[in-house]
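K.L.:
here is my input, please return the structure:
(one chain, ligands or ions: 1)
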Amino acid sequence: MAKSVHPMCEVKVDSAWQRVTAVEAHAHHRSAPKRCPECHGVVLTASNYTQPIQIRLSHRKAHDGCPLLPNRFRGVRSPHPQAMV
Ligand SMILES: [Zn+2]
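P.N.:
Modelled structure (predicted):
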């Protein structure tokens, strides 16, 4: 199965969620609300300030029903308890 190289997240622009890469979210939507495309929990972007710049996505609150958190995921997808809608 193909795995995307760039982590994706969703940003709220004009009251609609748009799926963008973490790099784009960090560069162009820094103050917009961001959520995980899988569980819809709040995510934060962080740069490592190296070249080329890499953006890491992290859930503000970890959740064991999200497959994007391999260390926490328990095998059954479920929405984040504090999902953003
Ligand atoms: Zn998630």
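K.L.:
and the residue lying closest to residue 41 once chain neighbours are set aside, how many neighbours does it have?
P.N.:
Nearest residue to residue 41, sequence neighbours excluded (C-beta to C-beta, 6 or more residues apart in numbering): residue 80, at 3.2 Å. (C-beta placed from N, C-alpha, C; glycine too.) Neighbourhood size, residue 80 [other C-beta atoms under 10 Å]: 21.
K.L.:
please apply the same query to residue 9.
P.N.:
The burial count assigned to residue 9 is 25, neighbours taken as other C-beta under 10 Å.
K.L.:
check which helix or strand covers it.
P.N.:
Element membership for residue 9 (DSSP states H and E) is strand 8-13.
K.L.:
which other residues reach that strand?
P.N.:
For strand 8-13, the surrounding residues in contact (C-beta atoms under 8 Å, 6 or more residues apart in numbering) are 17-22, 25, 29, 32-37, 40, 43, 45, 57, 84.
K.L.:
repeat that with 7 Å
P.N.:
By C-beta atoms under 7 Å, 6 or more residues apart in numbering, the residues outside strand 8-13 that reach it are 17-22, 25, 29, 32-37, 43, 57.
K.L.:
just those now: which is nearest the ion?
P.N.:
Nearest to the ion among the contacts of strand 8-13: residue 36, at 3.1 Å, using C-beta to the ion.
K.L.:
which bits of the protein sit near the ion?
P.N.:
By C-beta under 5 Å from the ion, the part of the chain that sits against the ion consists of 36, 38-39, 41, 66, 68.
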